[in-house]
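Chemist: no FASTA, just this:
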């Protein structure tokens, strides 16, 4: 009944839980920051960005899009007290390899007309240039009325080839 | 110039990069699955769910909302070939502690009228019951025209108190 992926989850989690000692952590992030990064399979935020369990929210979506993350960003800040946003996009990102119209065409071809119609208003938020993508998202956050001015913002690039981060802004 | 959080990121990443040996990994997730979970600070998906670097997309937002993740889910499946969604919500989730109207009221009080107006159409997607929240999101995915029927779906709860996952559906 369980798929191999599901079996793997159950097996590896059993081992994790048997050594788990962090059940006392509080809901609000202890260090009051959040990392917004990409869903890319080559990124392990906890290890690559030095996040200690309980310290930070981690939001991940396709391309580390600030627009797409707005709901989570506001909840993190206004309801759970975070005060700093670390935005990290990365080299080799899939979101720089296609345009919005390409994605819509792929859905139409693969899943059909009804599928294409169900998401016709969806913006895929692709970005052609990596550094510019980081700057544009920071600008979006700076200008957004619901992101308070006192929130500390920075933008970074993670290199999937080297494991290194570098600051863009 | 750098904040303590930014300094911490740079310092811990330097160590990570110095031991990094995974620069050869491909863009599409090797095991063709994705995990959708919450941004909660108490969750480390790679460790808790046994994700090997390069194997899976990881999408995280407030409450592990499938609706909010739709853009990323479609990109993951249609452009990067994933075939299985593991949805994991968790005990003690902030999204079960307030209602949408509370969140809008908090933004208005904390950030002001302009801020409240800028997000008046935003749905925060709170859910009162955890297991039901998992089932509702799976139902949303099953019924959505742009999520192909052949995608394998399962829904889970992660217990932040014990580190254990248990399957809901």
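Modeler: Sure, I can see it. None of the values given here were measured: they were computed from a predicted structure.
Chemist: For chain A, just list every one of the strands.
Modeler: In order along the chain, chain A carries the following strands (DSSP state E): A:33-38, A:56-61, A:84-90, A:152-158, A:165-167.
Chemist: Save these as CSV, and put in mean pLDDT, mean neighbour count and distance to residue B:133 too.
Modeler: Just so you know, the C-beta spots here come from the backbone N, C-alpha and C atoms, and that holds for glycine as well. What follows is the strands of chain A, written out as CSV (pLDDT from 0 to 100; neighbours: other Cβ atoms under 10 Å in any protein chain shown; distance: least, Cβ to Cβ, whole Å):
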stretch, mean pLDDT, mean neighbour count, distance to residue B:133
strand A:33-38, 98, 26, 22
strand A:56-61, 98, 28, 18
strand A:84-90, 98, 25, 26
strand A:152-158, 98, 21, 31
strand A:165-167, 98, 17, 34
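Chemist: who wins for proximity to residue B:153 among those strands?
Modeler: With respect to residue B:153, and counting by Cβ to Cβ, the nearest of the strands of chain A is strand A:56-61 at 19.1 Å.
Chemist: who are the neighbours of that closest one, in terms of helices and strands?
Modeler: With contacts taken as 3 or more Cβ pairs under 8 Å, 6 or more residues apart in numbering or on different chains; DSSP states H and E, strand A:56-61 sits against strand A:33-38, helix A:45-48, helix A:70-74, strand B:56-61.
Chemist: 7 Å instead, please
Modeler: Applying 3 or more Cβ pairs under 7 Å, 6 or more residues apart in numbering or on different chains; DSSP states H and E, one finds that strand A:56-61 contacts strand A:33-38, strand B:56-61.
Chemist: Residue B:161: which of those is closest?
Modeler: Closest to residue B:161 of the helices and strands packed on strand A:56-61, according to Cβ to Cβ: strand B:56-61, at 19.7 Å.
Chemist: returning to what we had before: distance to residue B:107 for the helices and strands packed on strand A:56-61 - can I get that in JSON lines?
Modeler: What follows is the helices and strands packed on strand A:56-61, written out as JSON lines (distance: least, Cβ to Cβ, whole Å):
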{"stretch": "strand A:33-38", "distance to residue B:107": "16"}
{"stretch": "strand B:56-61", "distance to residue B:107": "17"}
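Chemist: Out of those strands, which gets nearest to residue A:118?
Modeler: Checking these against residue A:118 by Cβ to Cβ gives strand B:56-61 as the closest, at 19.2 Å.
Chemist: Now do that closest one against strand A:56-61, angle only.
Modeler: Taking axes from the mean of the first three to the mean of the last three Cα atoms, to 10 degrees, one finds strand B:56-61 and strand A:56-61 inclined to each other by 110 degrees.
Chemist: Of the helices and strands packed on strand A:56-61, which is nearest residue A:142?
Modeler: Proximity to residue A:142, assessed across the helices and strands packed on strand A:56-61 by Cβ to Cβ, is greatest for strand A:33-38 (14.2 Å).
Chemist: which helices and strands does that closest one pack with?
Modeler: Under the contact rule (3+ Cβ pairs under 7 Å, 6+ apart), strand A:33-38 is packed against strand A:56-61, strand A:84-90.
Chemist: how about 10 Å then?
Modeler: With contacts defined as 3 or more Cβ pairs under 10 Å, 6 or more residues apart in numbering or on different chains; DSSP states H and E, strand A:33-38 has these neighbours: helix A:45-48, strand A:56-61, helix A:70-74, strand A:84-90, strand A:152-158, helix B:4-18, strand B:56-61.
Chemist: mind showing which ranges of chain A have poor pLDDT?
Modeler: Scanning chain A for pLDDT under 70 picks out no residues.
Chemist: Just put the helices and strands packed on strand A:33-38 in TSV and tack on distance to residue B:161.
Modeler: Formatted as TSV, the entries for these read as follows, by distance: least, Cβ to Cβ, whole Å:
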stretch	distance to residue B:161
helix A:45-48	19
strand A:56-61	19
helix A:70-74	23
strand A:84-90	27
strand A:152-158	31
helix B:4-18	27
strand B:56-61	20
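Chemist: picking that back up, out of the strands of chain A, which comes closest to residue B:131?
Modeler: Sorting the strands of chain A by Cβ to Cβ, the top spot, which is the nearest, belongs to strand A:56-61 at 23.3 Å.
Chemist: Tell me what the residue nearest to the spatial centre of chain A is bridged to.
Modeler: What sits nearest the mean C-alpha location of chain A, by Cα atoms, centre = their mean, is residue A:60, with 1.9 Å. Note on residue A:60: beta-bridge partners by DSSP bridges are residue A:37, residue B:60.
Chemist: Distance check, it against residue B:148.
Modeler: Here the criterion is Cβ to Cβ, to the nearest Å. By it, residue A:60 lies 22 Å from residue B:148.
Chemist: and what of residue A:77?
Modeler: With the distance defined as Cβ to Cβ, residue A:77 ends up 36 Å from residue B:148.
Chemist: Kindly report the same for residue A:116.
Modeler: When Cβ to Cβ is applied, the distance between residue A:116 and residue B:148 equals 13 Å.
Chemist: and what of residue A:122?
Modeler: 16 Å.
Chemist: Check residue A:19 too.
Modeler: Taking Cβ to Cβ as the measure, residue A:19 falls 38 Å from residue B:148.
Chemist: and the nearest residue to residue A:89 once chain neighbours are set aside, how many neighbours does it have?
Modeler: The spatial neighbour of residue A:89 that comes closest, neighbours along the chain excluded (Cβ to Cβ, 6 or more residues apart in numbering or on different chains), is residue A:64 at 4.8 Å. Here the neighbour count serves as a burial measure; for residue A:64 (other Cβ atoms under 10 Å in any protein chain shown) it reads 29.
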